[in-house]
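Novice: the sequence isn't on hand, but the structure is:
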C-alpha cells in the first residue's frame, strides 16, 4: 500500500490514457465544479505585470481578506503554499513523537509525521457506523500522544462533527498539552459551517490549529493556497518555519478576489447540496455499489459486486475520460472503495452512466481489457 | 543584524512610502529588466482554465524543458517552489552539523542550516581582493565540515569562479564525502556560462548539487520556480523531501515556454553586458561611492562619503520610487554597502541621477528627513 498516492493527477491520466487534459472529467479530486470565480481569473490577468516582483512574503492583503472572510482577529492567520505545506510546517514545529489519527483519513498527516521521525497510532473508524468519529475512543487513546489530527469533514468518508461534539476532546487535549490540528479543507462546502468550524475557537485555545484551504472551494488547486488559524503566539511560532516567498503572487491576488465573492460561495453550496443528494440517490440505486452518507462535496463508495475492484473501475472509466479516486491507498480501506467528487449535473450524469456500464459489463473483463 | 532581510520587498515599500506598485523602480532585487518573455505570459493566459486541477506533482514537462535547456540527462532534475525551497529541502536531507560558507553571501544558506540545528563556519572574503573566493583557504577550513555552500556568481559581490577553479575544491570534498552545493541563481546572466556552470559536472559527482533559478533570468519572481541538478540517486533522495504539489501550475507552464525562448536570453545578456558596463562606469565617477567589479546583473557598492549610510540612501531614493538593497543585513558587510541591480538604460539613468543627488544633498540630512 502506497499511501502517498493522491487523486487529481490529470497529467498522469492524460499521458496514460492519451486524453486531452481539457476533456477529462475529474471526479478523483474534490474541487468546486463551478471552476474559479471570474473575479479571481480577472485578478490574475490584471496583475500579470507584477509577477516580475517577489510576492509579498507576509501575504498582507490576503491575510486581511481571510480575516474578513472568517470574521477573526488580525494576527491569527498564516498563509501557506497549499494547506499541505502547513501540515509539514507544523509537524516540523511540534516534532511529535507519537500522533493519534483516525483511519481512514487524508494520508499526508501520517506521511508528515513519519518523515519527521514520529510514530502514529490509529483510531480505526467503523464502517458499520459510517466511519463516524468515536470521540470517547479518541480521548481514551490520546493519553500519551503529542498531537491529534482530525479532518473535518473527513476525507474520504464525508462524515463531520460539530464543534460542540469536538469540545470535550479539545478540552481534554488542552488540559494535557496535546496539540490538536483540525483540517477544514472542505469546510467551505458545508451548510451551517458555523456549527462545525473551529476556526474562531482556535484563536482562544493554547494548542489548537485549524487549517483551511482556498484551492478546493475556489477551484484554484493549480495555484496552491492554504492557511492556518491559531492563537497569535502559535501563529508567530509557526511563521518561523515558513520559507521566504512560499506563496506565489498570483495565488495571493486570486485568493483576495475570490474571498470577496459571496455570491459564488452561495451558488457553490446550492449546487453541491442539490447534486450530492441526486448523485447519492442515483448511486444507491446502482447495483453492485453502496454509497456512504456524506455532508461534503464527495462521496465514499463501497464496491459490492464480485470481481470488481477500484482499479478496474478506474481503468474502465479513465478510458472514457472520467477519473475516480481509487481508495486502496487509504489506510483501513482497500481495493473495494472509491471516492467520487460531486460535480455539476451534466458531469454527474455522465459519471453515473459510465459507472453503470462499468458495473454491468462482463465483456470488458473477459476481453482482459481491465 | 537581521540576516533574514531581503531585497525586492516592493509591497512593504509601497506601503511605507505610499507608492504605486507600478511606479516602483526596484534595484533591490536582481530580476531581468526585460520582464517575463511574452511567450511565458501567453502560456499563463492560455492555461488559466487548467488551474482548477492540481499541478503535475512531478513537473514532467518542465523537467524535460530544463533538460533540453541545460543539455543533460533525464533523471537529474528536481523542481522546487523557488530555489530557496530546494535549499531548505537539501539541508533537511543532509542535516549538516557544520557547514562552511563564504561571507558575505546569500543569507538563506546560513538560515536554513541554523534552523535545522547545524552550525556555520565562515570564510570571510577580503574586500581588498574584491571579495574573490580563496579556494585554498576554503579547502583548509573544510576538513571537518559536512557541507559547503557557494553562490556562483556570488550574491551580493558579483564575483565568479570558473568550473576549473572550483575543481580542486570539489575533488577534495568528494574524497572526504563533503557535500558541495553551488547556487547558480544568477548564472544565466553570465556570458560564456559553460566556463562557469557546474550543472553538467554535478550529474557525475557523488556529492555535488547545483541549484538554478528561473525566476531571475525570466523575471518570474512572483511565480516561484527553481531547480536542482545532481546525480540521479541524489535527486531521488532529495525528491523524498518534496511536499506534494509544491510547484504551482502557472509557474510550470511559464517555465516551459520561457526556457524555449533563446532569443530572449541573448537579448538579456546583451542588455546586461552593455548596461552593467555603463552603470559601473557611471557609478565609479560618482563621488562618495565605490562600485566593486561584477560579472553579474548587480553591482555591490561601498559608500565612502562620511555621514551617508545605506539606510539613508535607501530612504532618500525610496521617496523617489527607487528601491536599492541595503546590505547591512549581509554578514561581513555593514551599513556602508548597497547592492544595485542592473536594469535598462532609462531606469539606470534615473537611478544614477537620484543617487548623485542623494550623495550630494546635505539639506535633506540637515532637515532630519533621513
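Specialist: The structure has been received and is ready for your questions. The structure displayed is predicted, hence computed values, not measured ones.
Novice: alpha carbons only for contacts and neighbour counts from here, please
Specialist: Noted.
Novice: identify the residue spatially nearest to residue A:131, adjacent ones excluded.
Specialist: residue A:125 (4.7 Å; C-alpha to C-alpha, 6 or more residues apart in numbering or on different chains).
Novice: also residue A:134?
Specialist: Residue A:134 sits nearest to residue A:125 (C-alpha to C-alpha, 6+ apart), 7.5 Å away.
Novice: can you tell me how far residue A:244 is from chain B?
Specialist: Per C-alpha to the nearest C-alpha, to the nearest Å, residue A:244 is found 7 Å from chain B.
Novice: could you look up the SS state of residue A:180?
Specialist: strand (DSSP: H, G, I helix; E, B strand; the rest coil).
Novice: tell me the predicted confidence for it.
Specialist: As predicted, residue A:180 sits at a pLDDT of 98.
Novice: my read: it touches residue A:151, true?
Specialist: No: assessed by C-alpha atoms under 8 Å, residue A:180 is found out of contact with residue A:151, at 10.7 Å.
Novice: who's in contact with the helix or strand containing residue A:85?
Specialist: Using DSSP states H and E, residue A:85 sits in helix A:83-94. Helix A:83-94 is contacted from outside by A:80, A:108-109, A:112-113, A:116, A:185, A:211-213, A:225-228, A:237-238, A:241-242, B:243-244, B:246, using C-alpha atoms under 8 Å, 6 or more residues apart in numbering or on different chains.
Novice: also stretch A:341-361?
Specialist: A:25-34, A:271-272, A:275-276, A:279, A:282-283, A:286-288, A:297-299, A:305, A:308, A:313, A:316-317, A:320, A:322, A:324.
Novice: quick one: which of the residues you listed sit in strands?
Specialist: The strands in this structure, assigned by DSSP state E, contain A:25-26, A:298-299, A:322 from the contacts of stretch A:341-361.
Novice: related to what we said a few turns ago, quick one: which of the contacts of helix A:83-94 sit in helices?
Specialist: Among these, DSSP state H puts A:108-109, A:112-113, A:237-238 in helices.
Novice: which among those end up buried?
Specialist: The neighbour count (16 or more other C-alpha atoms under 10 Å in any protein chain shown) marks A:108-109, A:112-113, A:238 as buried among these.
Novice: before we move on, the earlier item: give me the buried entries from the contacts of helix A:83-94.
Specialist: A:80, A:108-109, A:112-113, A:116, A:185, A:211-213, A:225-228, A:238, A:241-242, B:243-244, B:246.
Novice: can you give me the pLDDT of residue A:212?
Specialist: pLDDT at residue A:212 comes out at 98.
Novice: let me know the next secondary structure element after the helix holding residue A:85.
Specialist: Next along from helix A:83-94, by DSSP H and E: strand A:98-103.
Novice: ok, how many other residues are close to the residue nearest to residue A:254 when sequence neighbours are not counted?
Specialist: Excluding its sequence neighbours, the residue lying closest to residue A:254 (C-alpha to C-alpha, 6+ apart) is residue A:40, at 4.4 Å. Applying other C-alpha atoms under 10 Å in any protein chain shown, we find 24 residues neighbouring residue A:40.
Novice: angle of the one helix or strand residue A:40 maps to against helix B:38-46?
Specialist: According to DSSP H and E, residue A:40 maps onto helix A:38-46. Orientation of helix A:38-46 against helix B:38-46 (axes from the mean of the first three to the mean of the last three C-alpha atoms, to 10 degrees) gives an angle of 180 degrees.
Novice: residues in contact with helix A:38-46: which ones?
Specialist: A:250, A:253-258, A:261, B:45, B:48.
Novice: likewise for stretch A:245-259?
Specialist: With C-alpha under 8 Å, 6+ apart, stretch A:245-259 has contacts from A:36-37, A:39-41, A:43-44, A:47-48, A:51, A:54-57, A:59, A:61-62, A:65-66, A:69, A:79-81, A:214, A:218, A:220, A:223-225, B:81-82, B:85, B:222-224.
Novice: residue A:57 reaches residue A:242, doesn't it?
Specialist: No: contact status for residue A:57 versus residue A:242: not in contact, 9.5 Å apart, counting by C-alpha under 8 Å.
Novice: buried residues in the single longest helix found in chain A?
Specialist: For chain A, the longest helix by residue count, based on DSSP H, is helix A:262-285. Neighbour counts using 16+ other C-alpha under 10 Å place A:264-265, A:268-269, A:271-273, A:275-280, A:283 of helix A:262-285 among the buried residues.
Novice: and for stretch A:36-48?
Specialist: A:36-37, A:39-41, A:43-45, A:48.
Novice: now stretch A:245-262
Specialist: Here stretch A:245-262 shows A:245-261 as buried, counting by 16+ other C-alpha under 10 Å.
Novice: tell me where the model's unsure across chain A.
Specialist: For chain A, the stretches flagged by pLDDT under 70 are A:361-370.
Novice: enumerate the residues of the stretch 151-300 of chain A near chain B.
Specialist: A:219-224, A:243-246, A:248-250 (C-alpha under 8 Å from any C-alpha of the partner chain).
Novice: keep only those of those residues that are in strands.
Specialist: Short answer: those have none in strands (DSSP E).
Novice: in a markdown table, list these along with distance to residue B:100.
Specialist: Shown next, in a markdown table, are those (distance: C-alpha to C-alpha, whole Å):
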| residue | distance to residue B:100 |
| --- | --- |
| A:219 | 45 |
| A:220 | 41 |
| A:221 | 39 |
| A:222 | 38 |
| A:223 | 36 |
| A:224 | 35 |
| A:243 | 21 |
| A:244 | 22 |
| A:245 | 25 |
| A:246 | 26 |
| A:248 | 31 |
| A:249 | 33 |
| A:250 | 36 |
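Novice: check contacts around the residue in the stretch 151-300 of chain A positioned nearest to chain B.
Specialist: With C-alpha to the nearest C-alpha, the shortest gap between the stretch 151-300 of chain A and chain B falls at residue A:222, namely 4.2 Å. Neighbouring residues of residue A:222 by C-alpha under 8 Å, 6+ apart: A:215, B:50-55, B:248-250.
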